[in-house]
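J.: Sequence below, structure please.
(2 chains)
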Amino acid sequence: MNILEFANPSGWWWAALAIPILLLYILKIRLRRQTVPTLLFWDRLFDEKKPRAWWQRLRHLLSLLLQLAFVALLVAALLDPLWSWQKNQQRHIVLVVDNSASMQAIEQDGASRLDAARASAGVLIRSMRSGDRMAVLSAGGRSNVVLGMTDYQRALLEAVDTLPATDGPTDVTAAVAAAERLLADDEQGEIVVLTDGCLDDLEALQANERVKIYGVGGPQDNLAITRYQVRRSLLDAIGYQVLLDVTNFSDEPRDCRVELTLSDDLVDVLPLEIEPGATVTRILDHTSAAGGELVAKLDTTDALATDDTGVAVLPKRTPVPVQLVSEGNLFLQGVLESIPLVDLQVTTEAPSVAPAEGILVLDRVVPQQLPAGRVIVVDPQGSCDAWTLGEPMAQPIVASVDEESPLTQHVRLDNVLFPGARQLNFTGPVDPLIQDPLDSPLLARIRRGGGDAVVLSCNLEKGDLPLRIAFPVLMKNTIEWFQGNSGELRPALATGRMVSLDVSSTATDAPQQAPVAENDDEPEDLAVVESAETTTARPMELISPTQQTIPLATTDDQVTIGPLLETGLWTVRPAKENDGNAALTNTSAGQDDASVESDDDPSVIRVACNLVNLAESDLRPRGELDDVEGRGLLTLGGQSLWFYLTLLAAALIAAEWWLYQRRIVG
Amino acid sequence: MPLFDSEFLKRLEYLSLVSRRVFRGRLLAQRRTKQLGGGIEFADHREYSPGDDLRYLDWNIYARYGDVLLKRFQEEEDLHVYFLVDVSLSMSHGSGEKFDYARRVAAALAYIALADLARVSMLAYSDTVKDVLPLTRGKNRVLSVLRFLENLEPSGAETRLQAAATSLVHRATRSGLVIVLSDLYDQQGFREGLDLLRYRRFEPHVIQMHTAAEANPTWLGDIELEDSETGDRRKLTITERKLRQYKQLYQEFLESIDHYCRTYSLSCTRTTTDLPFDELILRMMRTAGMTA
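T.: Numbers count the residues shown, from 1 in each chain, chains lettered A, B, ... in the order given. Sure, this is the predicted structure:
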């Protein structure tokens, strides 16, 4: 059994280098001849210290032997000799590359930390021996197996080179856990992590003996937006309030300005002075209700650009046209006028169709044919196509409230009397929302093709319902339910987070709105049915800030997106017909498609995504990390002979050069 | 290309004119021998001794002081200029530039001397005297001098200035100026030859010439050196240190020439072959002008 084997037997070819060395040696011993005018001076020079003859004879031979020894060491190193126990012990390595947001920081040399990590990974991959296997995992946002166990270095290098940069948070711990699962069957397997050290659980990782962590990049100062959210203003019913945190991750105080722009129009500029390590918080009120993209941008140049910008989506608060048909009801009119964004119009004649994009409120007036569109009927005094008016109720007291319905949220009406309420015999399907003890509906939602209707059977002037807080809440819920998602404020997400979105605005369960009928004779039911069919089965797609299109799976009017690994504005929209089965695409066509969506389109949902991560924005490593340069995988196995042979060869050639300079060797 | 072409002759004439106008009587022109005799220019007094010619008694001094002194006059004679031209193989080393250079300098100086009515003789030597140009006089003899120099060939097994000096001393009927043109790579040492000339009341003027490569060799490593005169060979390993030592040794050799000449008040000119020969002549004239 051979004690020593060679991992790279083709290295024997390099032994041919000895041939030219021998030829040069033979040529070299034939001295060149030079004629001089006189030998007087040379004789005097060398007579003082005559070279020893035996040494003169040997010095050329010694030079030859040194050069041959150098070639021998070089060939031995190229052969990559392995001890027999090493040969049997092939190494399995899982390479975890941190591609989180902090790895996008630009170093002093102009390259990003991720570029440095790629270069370091290349060093590690190229130092693999024959038989070694390696897998590549990413640890940005969520751990992901980029490439499974393989010994094909080219594939590994390609996987590392194409590893994308993300704006997600570091998740090295999860990646290491995944790596340990990959190496579950191999106790000798090793995990190598390439990271910038900007992770809070670094010490715990370093304590893991199986994990070797190599660092890239050095400490960098950074100024970052660490919190950026928008909410409905507590002072202004239709305005917004902005919360902004800016943190100084450096050892020096910093001055900066924050520019706030709404749809590219400059809104405000905030000058900030931030002490080292401190966070400055600003809350801005009275932000415009016009809607659009509210972008906060730090006017500073630092190592990490991703956290210098925050974006939030402000939905446009468009007024809702509400037509009240009444002979005069101060309670109802007053409540409707108090609801923000309601554009109230009071008439006495009931129209045949509800206002476009609006709501028709019928107070005690009931036409024979309930008008198409979104209709609220209060205290109906007659029958129509949707119901037949019955007898007054004997005990019109509230017995049950459907708390699941959005219309009755925050409505407390237990034991409240609804005087004047009458029995309604509905001709179609209804959802009773408030019922009396006999389960007769006092408030009901009527499902119909021409637009849903809500009926409240109660004489407002006789009872105390208008005096209760529940009444304006009920009316506001009803108006907002009819509006659907329009104007709903979605909080900005942090990168790496997942979110479920309600996409019912494109489904059949949403309150139906009839198209504006240009011709009253046209059968409206038919038009509504076609519309419902076209919106039911459409799949959704996700458009990233860089216009990449990702198909989404929709379940029960909910779509889950994330983890979002890119800052900016994400868009969820119904998929185009021709790319419903498309995988991830990034085409100019997709870009065009994304750009044609308007803010007013209710089928389009925009989600803002920001880094806002203290750990990622702090670009100072949490501990001392080794540099991978020059180490390769040697430190993994430890006893590779070729490295020491190369060192010996380098030392030998240096010694030969030194001896030659002093003419000790020829 | 001939050694002495028409251009060369023009430059000789130019040098001759310059030597007359600017350095009149300073180099070779109108020089007198140190012999005292029957000239007309007063030189010295000496005690009268019986038998002296009474016509030369200085009667004025006798009348004033009562001392009997005889007036001595400088005897005017033609200056004898001897050229000892080294034709050893070391002079022709490489492309023979030293040899040509020596011949050109000798021709120039001889031309100037002949133009000033001096008598010129030349001896070509290496280990022995190889050729001799007898004493000649007059500017019209320039061509024979040039022909003599042109016909010289490098030869000899070594350089021996003493042999040439001995031969000159034996041949010369009168003492005079001896111009030695050589690299002075004399295996026996150049001093003996110059000493002999000094002892015999000649005035030696040494012109030592060498090439820049001889003073600053650049070879390194293992090399076999061959003496161009003796044919001896040495296998040597030349290091940077040895090169430095060689340059120092060569510099000491040059300085030893200077030191010897200064010690015995001899004129000495050292030059490399890079310097044009006419510039060398002018430099010699300037030096003579400053010291004469």
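
J.: CA only for contacts and neighbour counts going forward, please
T.: Fine.

J.: Which residues are in contact with A:Leu564?
T.: Residues in contact with A:Leu564, defined by Cα atoms under 8 Å, 6 or more residues apart in numbering or on different chains, are A:141, A:168, A:494-498, A:609.

J.: among those, which are in strands?
T.: A:494, A:609 (DSSP state E).

J.: Please identify which of the contacts of A:Leu564 is nearest to A:Asp414.
T.: Distance to A:Asp414, by Cα to Cα, is smallest for A:Met498 among those, at 38.8 Å.

J.: Count the neighbours of the closest one for me.
T.: By the measure other Cα atoms under 10 Å in any protein chain shown, the count of residues near A:Met498 is 13.

J.: isn't it right next to A:Val607, touching?
T.: No. Here A:Met498 lies out of contact with A:Val607, judged by Cα atoms under 8 Å, at a distance of 11.2 Å.

J.: Tell me if I'm right that B:Glu240 and B:Pro217 touch.
T.: No. Assessed by Cα under 8 Å, B:Glu240 is found out of contact with B:Pro217, at 10.8 Å.

J.: who has more neighbours, the two?
T.: Between B:Glu240 and B:Pro217, B:Glu240 has the larger neighbour count (other Cα under 10 Å), namely 16 against 13.

J.: Name the helix or strand of the chain that has the lowest mean pLDDT.
T.: As the question left the chain open, I've gone with chain A. helix A:524-536 (a mean of 36; mean pLDDT, DSSP states H and E).

J.: wrong chain, I was asking about chain B
T.: Per mean pLDDT, DSSP H and E, strand B:36-37 ranks last in chain B, at a mean of 54.

J.: On the three-state scheme, B:Asp195 is what?
T.: Put simply, B:Asp195 is helix when judged by DSSP: H, G, I helix; E, B strand; the rest coil.

J.: what's the distance between it and B:Leu266?
T.: Separation of B:Asp195 from B:Leu266 (Cα to Cα, to the nearest Å) stands at 11 Å.

J.: Now do the helices in the stretch 151-300 of chain A.
T.: Under the criterion DSSP state H, counting those that start in this stretch, helices of the stretch 151-300 of chain A are mapped to A:153-161, A:172-182, A:202-207.

J.: nearest to chain B, of those?
T.: helix A:153-161 (47.2 Å; Cα to the nearest Cα).

J.: Now do that closest one, average pLDDT.
T.: Across helix A:153-161, the average pLDDT comes to 91.

J.: Tell me which residues of it come out buried.
T.: A:153, A:156-157, A:159-161 (16 or more other Cα atoms under 10 Å in any protein chain shown).

J.: Equivalent analysis for stretch A:397-409, please.
T.: For stretch A:397-409, by 16+ other Cα under 10 Å, it's A:397-402, A:407-409.

J.: Intersect those with the contacts of chain B.
T.: Residues of these in contact with chain B (Cα under 8 Å from any Cα of the partner chain): none.

J.: and which of the contacts of A:Leu564 is nearest to A:Leu370?
T.: Among the contacts of A:Leu564, and counting by Cα to Cα, the member closest to A:Leu370 is A:Met498, at 43.5 Å.

J.: Setting the sequence-adjacent residues aside, check what's closest to the closest one.
T.: Distances taken as Cα to Cα, 6 or more residues apart in numbering or on different chains place A:Gly562 nearest to A:Met498, at 4.2 Å, with adjacent residues excluded.

J.: need the contact list for that neighbour.
T.: A:Gly562 neighbours (Cα under 8 Å, 6+ apart): A:496-499.

J.: No further queries at this time; thank you.
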